[in-house]
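Novice: attaching a predicted model along with its sequence, questions to come.
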Protein chains: 2
Amino acid sequence: LTVVTASGEVIRTGTRARKSSAGYDLTRLLVGSEGTLGVITEVTLKLHPLPESVAAAICSFDDATAAVDTVIAIIQTGVPIARCELMDANAVIAVNRHDKLGLAEKPMLLMEFHGSAASVAEQAATVQELAADHGGTAFQWATTPEERTRLWTARHHAFLSGLQLRPGCRAVTTDCCVPISGLADAVTQALAEAEAAGLPHFIVGHVGDGNFHVAYLIDPALPQERETAERLNQQLVQRAIAAGGTCTGEHGIGLHKQGFLVDEAGEGAVAMMRQIKQALDPRNIMNPGKIFSW
Amino acid sequence: LTVVTASGEVIRTGTRARKSSAGYDLTRLLVGSEGTLGVITEVTLKLHPLPESVAAAICSFDDATAAVDTVIAIIQTGVPIARCELMDANAVIAVNRHDKLGLAEKPMLLMEFHGSAASVAEQAATVQELAADHGGTAFQWATTPEERTRLWTARHHAFLSGLQLRPGCRAVTTDCCVPISGLADAVTQALAEAEAAGLPHFIVGHVGDGNFHVAYLIDPALPQERETAERLNQQLVQRAIAAGGTCTGEHGIGLHKQGFLVDEAGEGAVAMMRQIKQALDPRNIMNPGKIFSW
């Protein structure tokens, strides 16, 4: 990283070597600090070679639990799956309407495999077998770029199609991430609570990571709907933290999740973060007020 | 991590989720901080499933450059090699003497491949081809645990066997890590300088990472030999930093490399590390004096 610090200095962190134990890991301290410790002006990324072969696959399940249990089995079997996404039945209904895809309107996994041609074929065969063990149907796989893009269309259009389930709505989106072993419970309970509350909703999840997003579709003119969505999110996050997970897999803390951060990390860890902030930005000029109170 | 801070508090960092963006990444700040920010009392690790199949391979080369060029080709081809170690001719001579292994006394790569049986066989075949392109000979590979252990014996005994090349010696060990593209030059120059200086030496390297260790075998009774080893290390580190690498891939800064850290990271980055230290340990009671001066 190239970073402008609060005192106006320009520093560089890290090297081009694959590993280093030279001093504190400033790169990882700054990444995810939400601009509170400095302004990142340049990022150098490590590139990986393009895989020799890429395959995509989709598969439908009777319920989200069966889909997630399949993911757990895939990971426990050691299949080096490259991408693994979940869409719930509502998300599939939304993309069917939007793109006329004709998919079975049931929870669906979308997957990608990287490697040599033989290894990719073997991974897809193993996954098809594991999916069948969990009642998976309509397994399709594809290796050409055009066919892969077609299979992934549903996922790429999920969010914007999902919003069309309720024209004029706003989405309140959750971002918890749980240990893979707790993922089926977390998704199932989130779905049940959303149903019970009567709010339109859909789920997309980066389930290979244990991270999923529930989008509650609220009418911005009805404050009680926002309150219901906040309550559902509160319950979902508290369960995720109790299961050893986190309130945010990728969206960050910002203003809204500062209370969750204390619940998750504890007062002592948040105090340590605050001491670092106060030492590096004593005038509080870098994105003030974010992550924790001063 | 469970960590006791300088103020005597016990904090926990991280969660059991695979990813999180909740606040500063205290785990990675503390890992590699050499005890200067707190005492780590518990570490929870992520486990990976045992691979279905494991294969080991060794291969000899006419010079270290050919061996390292093979590694570069393996990585650029995208072979997901699990372990990749280099021993120079002196290290092979040492283990032959110690263990009567009868290996060709030339630079050698030792490798390990993980995956399904088919994928492992395919990786080994690709690597054998790439090694042959670079003049590799005496390629052997093994899949049973006993045979794999036999192939890896040389690497496991390298350091202690190496010390026996000069009975009564002390080893001064380097730890630089360079971008893979600069690895052949770094190893070749290190060997040439050690030869020219006339100090007994050997090299082992985690070459898949670009990290290698030269051990200079000095007579502790001869101060000029220690000075020569220090000078060689100085040259090697300056070249590594100029090539975009680091002075330490895994051993850390401690007392001895504090000057190198400033050369590598710059005054501004080291000042930022010092500010963090002073904020979190104002009485300087946590491993004082290490990494940088107070």
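Specialist: Received, thanks.
Novice: next helix or strand past the longest helix along chain A?
Specialist: Secondary structure of chain A per DSSP state H: the longest helix is helix A:223-242. With elements assigned by DSSP states H and E, the helix or strand that comes after helix A:223-242 is helix A:258-265.
Novice: distance between stretch A:219-229 and the chain's centre?
Specialist: With C-alpha atoms, centre = their mean, to the nearest Å as the basis, stretch A:219-229 stands 24 Å off its chain's centre.
Novice: and the longest helix of chain A, how far out from the chain middle?
Specialist: Mean-position distance between helix A:223-242 and its chain equals 17 Å (C-alpha atoms, centre = their mean).
Novice: what do you get for stretch A:63-75?
Specialist: 16 Å.
Novice: before we move on, back to that, next, the buried residues of the longest helix of chain A.
Specialist: Judged by neighbour count (16 or more other C-beta atoms under 10 Å in any protein chain shown), helix A:223-242 contains these buried residues: A:225, A:228-229, A:232-233, A:236-237, A:239-241. All C-beta atoms are positioned from the backbone trio N, CA, C, and that covers glycine.
Novice: just those that are near chain B?
Specialist: Restricting those to those touching chain B (C-beta under 8 Å from any C-beta of the partner chain) yields A:240-241.
Novice: count of neighbours near A:Asn287?
Specialist: Neighbours of A:Asn287 under the rule other C-beta atoms under 10 Å in any protein chain shown: 16.
Novice: so what's it up against?
Specialist: A:Asn287 is in contact with A:34-36, counting by C-beta atoms under 8 Å, 6 or more residues apart in numbering or on different chains.
Novice: kindly report the same for A:Asp62.
Specialist: A:Asp62 makes contacts with A:106-107, A:135, as judged by C-beta under 8 Å, 6+ apart.
Novice: ok, so of these, who is nearest B:Ser20?
Specialist: Of all those, A:Pro107 has the smallest distance to B:Ser20: 25.1 Å, by C-beta to C-beta.
Novice: report the separation between that closest one and chain B.
Specialist: Applying C-beta to the nearest C-beta, to the nearest Å, the value for A:Pro107 to chain B is 21 Å.
Novice: could you check how many residues crowd around that residue?
Specialist: A:Pro107 has 26 neighbours, counted by other C-beta under 10 Å.
Novice: from A:Asp62, how far off is it?
Specialist: Going from A:Pro107 to A:Asp62 by C-beta to C-beta, to the nearest Å gives 8 Å.
Novice: A:His114 too?
Specialist: Distance of A:His114 to A:Asp62, computed by C-beta to C-beta: 29 Å.
Novice: that older thread, please list only the buried members of the contacts of A:Asn287.
Specialist: For the contacts of A:Asn287, a burial check counting by 16+ other C-beta under 10 Å picks out A:34, A:36.
Novice: using TSV, lay out the contacts of A:Asn287 together with pLDDT and secondary structure.
Specialist: Converted to TSV, the contacts of A:Asn287 look like this (pLDDT from 0 to 100; DSSP: H, G, I helix; E, B strand; the rest coil):
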residue	pLDDT	secondary structure
A:Glu34	98	coil
A:Gly35	98	coil
A:Thr36	98	coil
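Novice: of the contacts of A:Asn287, list those near chain B.
Specialist: Counting by C-beta under 8 Å from any C-beta, nothing from the contacts of A:Asn287 sits close to chain B.
Novice: switch the contacts of A:Asn287 over to a markdown table; also include distance to B:Phe292.
Specialist: Listed next are the contacts of A:Asn287 as a markdown table, based on distance: C-beta to C-beta, whole Å:
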| residue | distance to B:Phe292 |
| --- | --- |
| A:Glu34 | 27 |
| A:Gly35 | 26 |
| A:Thr36 | 23 |
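Novice: in the stretch 1-150 of chain A, which spans are strands?
Specialist: Using DSSP state E, counting those that start in this stretch, the strands of the stretch 1-150 of chain A run over A:2-4, A:10-12, A:39-42, A:53-60, A:83-87, A:108-115, A:137-142.
Novice: got CSV for those, with mean neighbour count and distance to A:Glu122 too?
Specialist: Formatted as CSV, the strands of the stretch 1-150 of chain A follow (neighbours: other C-beta atoms under 10 Å in any protein chain shown; distance: least, C-beta to C-beta, whole Å):
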stretch, mean neighbour count, distance to A:Glu122
strand A:2-4, 17, 43
strand A:10-12, 17, 43
strand A:39-42, 12, 40
strand A:53-60, 22, 10
strand A:83-87, 23, 17
strand A:108-115, 24, 9
strand A:137-142, 16, 12
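Novice: A:Leu217: what secondary structure?
Specialist: Recorded secondary structure, A:Leu217: strand (DSSP: H, G, I helix; E, B strand; the rest coil).
Novice: neighbours of it, just the number please.
Specialist: Counted by other C-beta under 10 Å, the residues lying close to A:Leu217 total 23.
Novice: repeat that for A:Pro167.
Specialist: Using other C-beta under 10 Å, A:Pro167 has 7 neighbouring residues.
Novice: how near is it to chain B?
Specialist: For A:Pro167, the distance to chain B (C-beta to the nearest C-beta) stands at 31 Å.
Novice: next one: A:Gly289
Specialist: As judged by C-beta to the nearest C-beta, A:Gly289 and chain B stand 14 Å apart.
Novice: pretty sure that residue contacts A:His256?
Specialist: No - at 11.9 Å, A:Gly289 does not count as touching A:His256 under the criterion of C-beta atoms under 8 Å.
Novice: identify the contacts common to the two.
Specialist: With contacts defined as C-beta under 8 Å, 6+ apart, no residue is adjacent to both A:Gly289 and A:His256.
Novice: who in the stretch 51-200 of chain A is up against chain B?
Specialist: A:51-52, A:75-78, A:80, A:115-116, A:118-119, A:122, A:126, A:177-180.
Novice: now, which of the residues you listed lie within helices?
Specialist: Those of these lying in helices (DSSP H): A:75-77, A:118-119, A:122, A:126.
Novice: out of those residues, which is most surrounded?
Specialist: A:Ser119 (24 neighbours).
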